[in-house]
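1. turn this into a model:
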Amino acid sequence: MSKKNIKIRARLKNGVTNVKTLISHPMETGLRKDKKSGRTIPAHFIQEVNCLHNGELKLSTELGISVSRNPYLQFELEGGAKGDTLELTWRDNWGKTDTATAQIK
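-> Model prediction:
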């Protein structure tokens, strides 16, 4: 089993669910050079992030090379209830993916 690279928290307050995520990812632009070899470091970045609330797509966003390493994403969803499930998935330009789930508190 691979190490999970997503931390996700969701809190309900006044009918709005606040979601905070931290994704461990190098987010290389493909423009930097390795200091030792002088070779260009290949681009490696998250392209897409999706969030499902109880299986229903609530957020879909595209990222690119301008996003910093280990991106932090925060967003709000209307509704939700304590105990509901959120699932966050990302896909990068190398075809790798990761998924994490959390319950709304």
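2. residue 81 is in what secondary structure piece?
-> Following DSSP states H and E, one finds residue 81 outside all helices and strands.
3. so it makes contact with residue 15?
-> No - using Cβ atoms under 8 Å, residue 81 is not in contact with residue 15, being 9.7 Å away. C-betas here are computed from N, CA, C, even on glycine.
4. relative to residue 44, how far out is residue 29?
-> 9 Å (Cβ to Cβ, to the nearest Å).
5. swap that for residue 69, sorry
-> Residue 69 is 10 Å from residue 44, by Cβ to Cβ.
6. for residue 78, which non-adjacent residue is spatially closest?
-> Of all residues not flanking residue 78 in the chain, residue 16 sits nearest, at 6.1 Å (Cβ to Cβ, 6 or more residues apart in numbering).
7. got the contact list for the one you found?
-> 76, 77, 78, 79 (Cβ atoms under 8 Å, 6 or more residues apart in numbering).
8. any regions of the protein where pLDDT drops low?
-> 1-3 (pLDDT under 70).
9. where do the strands sit along it?
-> 6-13, 16-23, 46-53, 56-62, 72-78, 85-92, 97-103 (DSSP state E).
10. just checking: what are the partner strands of the last one?
-> Each strand pairing with strand 97-103, determined using DSSP bridges, is listed with its direction: strand 85-92 (antiparallel).
11. got the buried residues for the partner strand?
-> Buried residues in strand 85-92, counting neighbours by 16 or more other Cβ atoms under 10 Å, are found at 86, 87, 88, 89, 90, 91, 92.
12. how far is that strand from where the chain is centred?
-> 6 Å (Cα atoms, centre = their mean, to the nearest Å).
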